[in-house]
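Asker: A structural model of the following input is requested.
(one chain, ligands or ions: 1)
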Amino acid sequence: MMRLDKLLSKSGGLSRKEAAAAVRSGRVLVNGVRAKKADCKIDEEEDGVVLDGRPLVYRKFTYIMLHKPIGYVSSTDDPGGPTVLELLPAPLSKGLFPCGRLDKNTTGLLILTDDGEFCHRLLTPRNHVPKDYLFSCARPVTEEDKKALESGVDIGGYVTRPCVLTLRSPTEGIITVTEGKYHQIKLMFQSRCNKILSLHRLSFGGVSLDESLTPGAYRLLTDGEREKLCALPHGALALEATPDGLSGERDGQDRDTRTR
Ligand code: URA
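Answerer: Okay, the predicted model is just below:
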């Protein structure tokens with residue numbers, strides 16, 4: 001059994017206040033009958049809860065897509081600044097953690113969940129989940145830089161895996177990496193005597209940031225998005241399927257696996 005407002009939050013993405021307002025205005029049905037109180041107890045496995053005509057399916061775990069803004073730390077508890085969890089209302093945020101990390105000044109797609117196994121599968125270095133980042137940098141990227149970055153550069157005792165870089169202008173483009181070392185992209189550009197000026201994650205494991213989410217906004221992952229991520233790592237190996245022997249695995253603890 002659980003409180004109705006908790007289900008409306010965990011499965012409908014509502015804050016406690018929004019859940020109470022939805023109940024008050026008659027937008028919530030429990031087994032076909034208008035709910036009267038947001039704090040009433042329901043059987044989440046058995047009772048049919050409908051919000052605005054949409055049946056809510058109870059799930060054991062929560063999966064959120066967040067547009068991370070600048071200035072937030074990707075952790076559950078950090079004395080050095082506000083955490084991304086502070087962008088979510090209670091009780092939705094309870095028990096959630098970021099699936100990987102973005103630097104404080106990196107923006108874009110961050111997934112939050114309370115499903116540890118799901119998170120581990122997405123972050124384990126072995127699975128090479130692709131992540132696309134839009135970047136801008138201080139100096140033009142030369143053909144030689146592009147080749148070096150794509151085939152792997154030394155970022156301080158670790159040689160990065162092959163990646164794909166698509167330039168939109170000499171100082172802007174999209175880089176697709178399949179690992180997540182600490183400050184990886186910044187260090188990669190540094191190794192070419194360049195400097196990342198801005199970094200924005202566009203996608204993770206083939207799931208793109210919803211363009212309607214403004215910085216700081218969030219929504220639940222759709223079933224399709226969750227299924228896509230659950231179907232990894234099969235899809236995650238796509239980058240490796242390119243020629244030139246890109247499949248050699250290198251050891252090393254990804255910083256993304258050191259989350260929370
Ligand atoms: N690489 C970085 O350098 N920073 C990020 O936040 C993500 C990838």
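
Asker: So L167 lies in a helix, does it not?
Answerer: No - for L167, which was evaluated using DSSP: H, G, I helix; E, B strand; the rest coil, the result is strand, with no helix membership.

Asker: ok, it to the ligand distance?
Answerer: Here the distance between L167 and the ligand works out to 18 Å (CB to the nearest ligand atom, to the nearest Å). C-beta: built from backbone N, CA, C; applies to glycine.

Asker: Once you drop chain neighbours, what's closest to that residue?
Answerer: The spatial neighbour of L167 that comes closest, neighbours along the chain excluded (CB to CB, 6 or more residues apart in numbering), is G173 at 4.1 Å.

Asker: Provide the strand pairings for the helix or strand where the one you found lies, with the direction of each partner.
Answerer: In this structure, G173 is located in strand 172-177 according to DSSP states H and E. Counting by DSSP bridges, the strands paired with strand 172-177 are strand 131-137 (antiparallel), strand 164-169 (antiparallel).

Asker: Just the terminal-to-terminal distance for stretch 19-30.
Answerer: Across stretch 19-30, the terminal residues are separated by 13 Å (CA to CA, to the nearest Å).

Asker: can you check stretch 208-219 too?
Answerer: From its first residue to its last, stretch 208-219 covers 13 Å (CA to CA).

Asker: Output the strands paired with strand 172-177 as TSV; include the columns mean neighbour count and mean pLDDT.
Answerer: Rendered in TSV, the data for the strands paired with strand 172-177 read as follows (neighbours: other CB atoms under 10 Å; pLDDT from 0 to 100):
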stretch	mean neighbour count	mean pLDDT
strand 131-137	21	98
strand 164-169	14	98
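
Asker: rewinding a little: output whichever helix or strand comes after the strand holding G173 as PDB, nothing but the C-alphas.
Answerer: Counting by DSSP H and E, the element after strand 172-177 in chain order, helix or strand, is helix 184-190. Taking only C-alpha atoms (Å, rounded to 0.1, in the frame of the first residue of the first chain), the coordinates of helix 184-190 have been written out as PDB:
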ATOM      1  CA  GLN A 184      37.300  13.200 -20.200                       C
ATOM      2  CA  ILE A 185      36.400  15.600 -23.000                       C
ATOM      3  CA  LYS A 186      38.100  18.600 -21.400                       C
ATOM      4  CA  LEU A 187      41.300  16.500 -21.000                       C
ATOM      5  CA  MET A 188      41.100  15.200 -24.500                       C
ATOM      6  CA  PHE A 189      41.100  18.700 -25.900                       C
ATOM      7  CA  GLN A 190      43.700  19.800 -23.500                       C
END
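
Asker: If you count neighbours, what's buried in helix 184-190?
Answerer: Buried residues in helix 184-190, defined by neighbour count with 16 or more other CB atoms under 10 Å: Q184, I185, K186, L187, M188, F189.

Asker: Next up, the contacts around the closest residue to P98 other than its chain neighbours.
Answerer: With CB to CB, 6+ apart as the criterion, P98 has its nearest non-adjacent residue at 4.5 Å, and that residue is S74. By CB atoms under 8 Å, 6 or more residues apart in numbering, the contact set of S74 is K68, T83, V84, P98, G100, R101, L102, D103, L110, T259.

Asker: Please apply the same query to L165.
Answerer: Taking CB under 8 Å, 6+ apart as the definition of contact, the neighbours of L165 are V141, K146, L149, E150, G173, I174, I175, T176.

Asker: Then M65?
Answerer: Contacts were defined as CB under 8 Å, 6+ apart; by that measure M65 touches L109, L110, I111, V207, L209, D210, L213, Y218, R219, L220, L221, E225.

Asker: now what about the strand holding G173, what contacts it?
Answerer: 130-137, 141, 149, 160-161, 163-168, 184-185, 188, 202, 239.

Asker: Next: stretch 28-38.
Answerer: By CB under 8 Å, 6+ apart, the list of residues contacting stretch 28-38 reads 3-5, 8, 16, 19-20, 22-24, 26, 40, 42, 47-51.

Asker: Please repeat the previous calculation with a cut-off of 10 Å.
Answerer: When contacts are taken as CB atoms under 10 Å, 6 or more residues apart in numbering, the neighbours of stretch 28-38 outside the stretch itself are 3-8, 12, 14, 16-24, 26-27, 40, 42-43, 46-53, 55-56.

Asker: Noted, bye for now.
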